[in-house]
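Student: got a sequence here, can you build the structure:
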Amino acid sequence: MKKDEDNIIVVKSMEFAVKIIEICRWMQSNKTEPVLINQLLRSGTSIGSNVREGIRGHTPADFYAKLSISLKEASESEYWLELLHECKSLDDDNYNQLLLRCKELIRILTSIIKHKEQKKQHTK
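Tutor: The predicted structure follows:
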């Protein structure tokens, strides 16, 4: 198994979580609706925690289940970013940077899950 610092999804999801925390702090200081901030904070940081839990899971099914949850959380984060941008709580620069990172996580997670599904089909 790869060390965490060598695992692209671990690294990228941690970087994304840090950026989400930073932007949520910024939005909080700008009086953005706390419920919206909390939703983005929860989904944006949950991606990496589920990735880490999946990697350390006991079975391949644990891994697949947790990465599937990570993908759902990334999709949810994408929604909250879009909503906050539409409501003018998130400026264009921050929105574009975060959205790009979020879409990258979605692509990586989708690829891992599809690869795992294909591998599963070939072993039947």
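Student: run a quick neighbour tally on residue 5.
Tutor: As a burial measure, residue 5 scores 8 neighbours (other C-beta atoms under 10 Å). (Each C-beta comes from the backbone N, C-alpha and C, glycine too.)
Student: ok, now how distant is residue 94 from residue 53?
Tutor: Distance of residue 94 to residue 53, computed by C-beta to C-beta, to the nearest Å: 28 Å.
Student: cool, residue 69 as well?
Tutor: Counting by C-beta to C-beta, the gap from residue 69 to residue 53 is 9 Å.
Student: against which helices or strands is the lowest-mean-pLDDT helix or strand in the chain packed?
Tutor: Every helix and strand in the chain was compared by mean pLDDT, DSSP states H and E; the lowest is helix 92-122, with a mean of 89. In terms of contacts (3 or more C-beta pairs under 8 Å, 6 or more residues apart in numbering; DSSP states H and E), helix 92-122 is packed against helix 8-29, helix 60-86.
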